[in-house]
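Asks: only geometry, no sequence info:
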């Protein structure tokens, strides 16, 4: 499988209009954490953009391997070169992250099913769009879907679930209400620990959906003001 970068993917709605990306919308929050992280990297002599790309490549490769694992048409392989991973430390982090997933998964199957409905599903609502990592059969109702997002972050973050909330809005706009059973983030551990997952059922997603909608309104307003700043201000 080829490396993909959804940050450059264009999402077009049913009216033929290009819309905002879900990931673009949720970037409105969490900037303080990013600033702190960037400053810490600076003290270590590491360029923020280089480290961001490195960690993104690790996450993309792990996601690709797991996706191939669930797809019978592919033989899962770890292709470091395809994802621009060259140094030994990054390769070690990939192996640890994947090991953490495959150690976690058998125990997870003792309590839940994991029947994959789709991977890399593009969903575009009227105002925004995104790509869902994975959808599995609902545990209470197999006709419904549970969204699964694989992460290699150091912890669980609000933005991860807000991202999934955005996908729920777009999915239900396309496939109808009462089609989503919940969302789950599976966090792989790059440091050698155990993978873990956190789940939110659909009825408890409403505050996350409301928050995402507020973020969208804010992002739309900011984008409009930035585009029309000259027209909306006057020289004195």
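Replies: Yep, it's here. Keep in mind it's a predicted model, so treat the numbers as computed, not measured. Numbers count the residues shown, from 1 in each chain.
Asks: alpha carbons only for contacts and neighbour counts from here, please
Replies: Will do.
Asks: and the pLDDT for residue 191?
Replies: pLDDT, residue 191: 91.
Asks: and it, how far from residue 49?
Replies: Distance check for residue 191 against residue 49: by CA to CA, to the nearest Å, it reads 21 Å.
Asks: ranges for the helices of the protein?
Replies: Using DSSP state H, the helices found in the chain span residues 22-26, 31-43, 48-69, 88-109, 158-175, 206-227, 229-232.
Asks: would you mind measuring from the closest residue to residue 140 other than its chain neighbours to residue 198?
Replies: For residue 140, ignoring the flanking residues on the chain, the nearest one in space by CA to CA, 6 or more residues apart in numbering is residue 181 at 7.9 Å. As for residue 181, its distance to residue 198 is 14 Å (criterion: CA to CA).
Asks: on that earlier part again, looking at residue 191 and residue 49, which one has more neighbours?
Replies: residue 191 (15 against 9; other CA atoms under 10 Å).
Asks: ok, the more buried one touching residue 96?
Replies: Yes - with contact defined as CA atoms under 8 Å, residue 191 counts as touching residue 96 (6.4 Å).
Asks: can you pull the contacts of residue 70?
Replies: residue 116 (CA atoms under 8 Å, 6 or more residues apart in numbering).
Asks: please renumber so the chain begins at 6
Replies: Let's use 6 as the start, then, which means that last one is residue 75.
Asks: over to it: give its phi and psi.
Replies: Note on residue 75: its backbone torsions stand at phi -90, psi 0 [degrees, to the nearest 10].
Asks: how close does it sit to residue 133?
Replies: 28 Å.
Asks: nearest to residue 125, of the helices of the chain?
Replies: helix 53-74 (8.9 Å; CA to CA).
Asks: which helices and strands sit right next to the closest one?
Replies: helix 36-48, helix 93-114 (3 or more CA pairs under 8 Å, 6 or more residues apart in numbering; DSSP states H and E).
Asks: would you single out the least confident of the ones you listed?
Replies: The minimum mean pLDDT among the helices and strands packed on helix 53-74 belongs to helix 36-48 (a mean of 49).
Asks: for residue 59, give me its contacts.
Replies: Contacts of residue 59 by CA under 8 Å, 6+ apart are 90, 95.
Asks: just residue 131 next, same as before
Replies: Counting by CA under 8 Å, 6+ apart, the residues that residue 131 touches are 18-19, 24, 175.
Asks: who wins on neighbours among those residues?
Replies: Greatest neighbour count in those, by other CA under 10 Å, goes to residue 175: 22 neighbours.
Asks: what about the closest residue to that one other than its chain neighbours, how many residues nearby?
Replies: Excluding the flanking residues, the one nearest residue 175 by CA to CA, 6+ apart is residue 130, at 4.5 Å. Counted with other CA under 10 Å, the neighbours of residue 130 add up to 22.
Asks: surely residue 130 and residue 180 touch.
Replies: No - the criterion here is CA under 8 Å, and residue 130 misses it with residue 180 at 10.6 Å.
Asks: residue 186 and residue 203: which is more packed in?
Replies: Regarding residue 186 and residue 203, a neighbour count based on other CA under 10 Å identifies residue 186 as having more, with 22 against 12.
Asks: quick one: low-confidence parts of the chain?
Replies: The chain contains residues with pLDDT under 70 at 6-13, 35-53, 56, 77-81.
Asks: hang on, the earlier thing: overlap of the contact sets of residue 130 and residue 180?
Replies: With CA under 8 Å, 6+ apart, residue 130 and residue 180 have no common neighbours.
Asks: what about residue 109, distance to residue 63?
Replies: 19 Å.
Asks: who's more crowded, those two?
Replies: Taking other CA under 10 Å, residue 109 and residue 63 do not tie; residue 63 has more neighbours (24 against 17).
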